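Asker: below are the sequence and a predicted model for it; my questions follow.
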Amino acid sequence: MEVAAQNCRSKASVGSVRSGEQTGLGQQSDRNGILAPMNRHDDTSSKYCVIGAGAAGLTVCRALRQHGIPFDCYEREHDVGGIFLYGQPNSSLYQSTHLLSSKSTTEYPDFPMPADYPPCPHHSLVLEYFRSYARHFQLYDQIRFQTGVEQLIPSSTGWSVRLAGERARSYRGVVIANGHYWDPVWPDFRGKFSGTLLHSKQYKTPDVLLGKRVLVIGAGNSACDIAAEAVSVAKRVVLSIRRPVHFLPKLSFGKTGDATAQQLIRWGMPLWMLRILSELGARVINGRPQDLGMGVPDHRIFESSVTVSTLVPYHVRHGDITIKPGVDELEGSSVRFADGSTEPFDVIVCATGFRVSFPFIDHRELNGPAGSPRLYLHQFHPHRNDLSVVGLFQSATGGHWGLMHYQAQLLARLLAAQAAGANLDWFDRLRNQTAPDLKGGFATHDSERHQYIVEPVRFERHLTRLIGEFDRRYGQPAVTSAPSAPLAAQRNAA
């Protein structure tokens, strides 16, 4: 996940909504505080349909509005924020979640996070940031909340979009921005477990682990967060690691590791040198993984996903967390591991990741098998001008929203040029060519979970180069809205 828990805690209060009061959501609440749906014109055939109002959907809405492209955005939850709407059914956050990446690499480039935010804000602060972004760019009035998209079907004029409980509507095009951290992957183990079995998406607070014998399965950031959090309340904590990984410390040179790595890449540091520095930092702070019983990774740093954690190595050294190999079989209240050992547990938490899921569209329309769209720059369909995806990538060194911003800006320019009848043969040829290398040597292991990895500096440069090409060929798009002076001053001060 893009987010992870840390020891520090930040708090932000969210005021309650009174009956009939303006919510700041572009809608009014009824007497029960439920947001009423906005009035909509029936003719949507000239508009684009944006699916989702999380990190990706919001910046798409901002770009389309900025460049005068008509659209409607549909969000199944009651507010903006996507997975950062903690406690909602599709949120994968736990109560203690903080950003894993720093605010400087994560924030939208045209809307900095407030100066008083900590380097890795708590999820409640991130939600307030998204709300401020939506208010600042006047997006709420074009988002319809509590409305899910059930089906997309291509038509002769674009797309037929069927909403939950409503008739289908015709749209000129569709932008999918529903995220990919909400559909959990469950491991397929032999046998059955008689205790409590959870996915990390279902885990919210450590009270479910109080006094329990806890097994956490996985070696990613969420697995380490939950294992570290369990130490203070559980009777025993075991972390099952099937394949050894590299553990990197949260901070390096006094800064978050992602900010340091990206700055070094921008300065032109080659990957081999970055590996040496990262391994040295990990060795100094965390020690060697094999000395902690975590096994020796069969790959070099950055050839596969790394895990950012200082707490797990710390707790392993103190005997608070025990490392075990992968699970072989579930045997009632006990678990048999790959080394033949067996141990009883009360709770198992499977931190085994999420699948890419678009349940509202036939996967063949996305030019690939289910869960694996084949799109140029992970965004553009090779043949259709009316279908794109924003946010379908994973940054190798952290920070996603800035890249989504550039994806949205590129998309807005494409749609504006298309609406103006511009010749786009050059771009059509480009997106049908072999995609450029976006990994830059990161995550070279051939696996499904690595297919969307990008090196963020390289990816940003590809996107901004194309944005510049659109501006050179067709001129700067006319901006239809601008932030108010007080808010702009406030953001600049931050």
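Answerer: Good, I have the coordinates. Numbering: from 1, shown residues only.
Asker: so who does residue 356 touch?
Answerer: Contacts were defined as CB atoms under 8 Å, 6 or more residues apart in numbering; by that measure residue 356 touches 180, 183, 371, 372, 373, 392, 452. C-beta: built from backbone N, CA, C; applies to glycine.
Asker: in which helix or strand would I find the closest residue to residue 322 other than its chain neighbours?
Answerer: Nearest residue to residue 322 in three dimensions, chain neighbours excluded: residue 238, at 4.8 Å (CB to CB, 6 or more residues apart in numbering). Counting by DSSP states H and E, the element that carries residue 238 is strand 236-240.
Asker: list the helices and strands that strand packs on?
Answerer: Using 3 or more CB pairs under 8 Å, 6 or more residues apart in numbering; DSSP states H and E as the contact criterion, the neighbours of strand 236-240 among helices and strands are strand 213-217, helix 221-230, strand 322-324.
Asker: now these in TSV, with mean neighbour count and mean pLDDT?
Answerer: Formatted as TSV, the helices and strands packed on strand 236-240 follow (neighbours: other CB atoms under 10 Å; pLDDT from 0 to 100):
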stretch	mean neighbour count	mean pLDDT
strand 213-217	26	98
helix 221-230	26	96
strand 322-324	18	96
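Asker: which one of these lies closest to residue 437?
Answerer: Distance to residue 437, taken as CB to CB, is lowest for helix 221-230 among these, at 25.4 Å.
Asker: now do residue 189 against residue 323, distance only.
Answerer: 19 Å (CB to CB, to the nearest Å).
Asker: swap in residue 213?
Answerer: Look at residue 213 and residue 323: by CB to CB, they are 15 Å apart.
Asker: one more: residue 467?
Answerer: Residue 467 sits at a distance of 46 Å from residue 323 (criterion: CB to CB).
Asker: ditto for residue 66
Answerer: Distance of residue 66 to residue 323, computed by CB to CB: 50 Å.
Asker: just the helices in this structure please.
Answerer: Taking DSSP state H as the criterion, the chain carries its helices at 55-66, 103-106, 123-136, 221-230, 257-266, 271-285, 311-317, 401-419, 425-431, 456-474, 485-493.
Asker: contacting residues around residue 279?
Answerer: Applying CB under 8 Å, 6+ apart, we find residue 279 in contact with 246, 301.
Asker: what does the model give it for pLDDT?
Answerer: pLDDT for residue 279: 89.
Asker: separation between it and residue 266?
Answerer: With distances taken as CB to CB, residue 279 is found 21 Å from residue 266.
Asker: can I get stretch 208-222 in CSV, CA atoms only?
Answerer: Extracted C-alpha coordinates of stretch 208-222, given in CSV (Å, rounded to 0.1, in the frame of the first residue of the first chain):
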residue,chain,number,x,y,z
VAL,A,208,-9.0,-7.5,18.0
LEU,A,209,-5.5,-8.8,18.9
LEU,A,210,-5.6,-8.1,22.6
GLY,A,211,-4.2,-11.1,24.5
LYS,A,212,-4.2,-13.2,21.4
ARG,A,213,-1.6,-15.4,19.7
VAL,A,214,-1.3,-13.5,16.4
LEU,A,215,0.1,-14.7,13.0
VAL,A,216,0.6,-12.0,10.4
ILE,A,217,1.2,-13.3,6.9
GLY,A,218,3.2,-11.2,4.4
ALA,A,219,6.4,-9.2,4.2
GLY,A,220,5.1,-5.9,2.8
ASN,A,221,4.6,-2.6,4.5
SER,A,222,1.1,-3.4,5.8
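Asker: what about the nearest residue to residue 380 once chain neighbours are set aside, distance to residue 198?
Answerer: If you skip the residues right next to it in sequence, residue 380 has residue 431 as its closest partner in space, 4.9 Å away by CB to CB, 6+ apart. Here residue 431 is placed at a distance of 41 Å from residue 198 (CB to CB).
Asker: now do residue 248
Answerer: If you go by CB to CB, the gap between residue 248 and residue 198 works out to 27 Å.
Asker: who's more crowded, those two?
Answerer: Neighbours per residue (other CB atoms under 10 Å) separate residue 248 from residue 198, with residue 248 holding more: 23 against 18.
Asker: how far off helix 221-230 does the strand holding residue 238 point, in degrees?
Answerer: Strand 236-240 and helix 221-230 are oriented at 170 degrees to each other (axes from the mean of the first three to the mean of the last three CA atoms, to 10 degrees).
Asker: next one: strand 236-240 to chain centre, how far?
Answerer: If you compare the mean C-alpha spot of strand 236-240 with that of the full chain, they lie 27 Å apart, counting by CA atoms, centre = their mean, to the nearest Å.
Asker: what do you get for stretch 98-109?
Answerer: Between the mean C-alpha location of stretch 98-109 and the chain-wide mean there is a distance of 12 Å, by CA atoms, centre = their mean.
Asker: same check on stretch 267-286?
Answerer: Here the centre of stretch 267-286 is set off from its chain's centre by 25 Å, with CA atoms, centre = their mean.
Asker: also stretch 162-170?
Answerer: Mean C-alpha position of stretch 162-170 versus that of the full chain (CA atoms, centre = their mean) differs by 27 Å.
Asker: the residue nearest to residue 380: neighbour count?
Answerer: When neighbours are defined as other CB under 10 Å, residue 431 has 18 of them.
Asker: need the pLDDT of residue 315.
Answerer: Here, the pLDDT recorded for residue 315 equals 96.
Asker: need the pLDDT of residue 192.
Answerer: At residue 192, the model reports a pLDDT of 96.
Asker: ugh, wrong one, residue 24
Answerer: pLDDT, residue 24: 39.
Asker: how about residue 257?
Answerer: According to the predicted model, the pLDDT of residue 257 comes to 86.
Asker: how many other residues sit next to it?
Answerer: For residue 257, the count of nearby residues is 23 (other CB under 10 Å).
Asker: does the closest residue to it other than its chain neighbours have beta-bridge partners, and which?
Answerer: Among residues not flanking residue 257 along the chain, residue 248 sits closest, at 5.8 Å (CB to CB, 6+ apart). Listed beta-bridge partners, residue 248: residue 308 (assigned using DSSP bridges).
Asker: would you confirm that residue 248 contacts residue 313?
Answerer: No - with contacts defined as CB atoms under 8 Å, residue 248 does not count as touching residue 313, sitting 10.4 Å away.
Asker: pull up the overlap in contacts between those two.
Answerer: Listed as contacting both residue 248 and residue 313 by CB under 8 Å, 6+ apart are residue 286.
Asker: buried residues in stretch 260-268?
Answerer: When neighbours are counted by 16 or more other CB atoms under 10 Å, the buried residues of stretch 260-268 are found to be 260, 261, 262, 264, 265.
Asker: got the contact list for that stretch?
Answerer: Contact partners of stretch 260-268, identified using CB under 8 Å, 6+ apart, comprise 105, 252, 253, 274, 277, 278, 397, 398, 399, 455, 456, 457.
Asker: try 7 Å this time
Answerer: When contacts are taken as CB atoms under 7 Å, 6 or more residues apart in numbering, the neighbours of stretch 260-268 outside the stretch itself are 105, 252, 253, 274, 397, 456, 457.
Asker: out of those, who's the most crowded?
Answerer: Each of these was scored by neighbours using other CB under 10 Å; the highest score is residue 456's, at 26 neighbours.
Asker: for that residue, which residues are in contact?
Answerer: For residue 456, the set of contacting residues under the criterion of CB under 7 Å, 6+ apart consists of 262, 395, 396, 397, 399, 403.
Asker: nearest spatial neighbour of it, skipping sequence neighbours?
Answerer: For residue 456, the nearest residue in space outside its immediate sequence neighbours is residue 395; the separation is 4.6 Å by CB to CB, 6+ apart.
Asker: tell me if I'm right that that neighbour and residue 452 touch.
Answerer: No - the pair residue 395 and residue 452 does not pass the contact test of CB atoms under 7 Å, sitting 9.7 Å apart.
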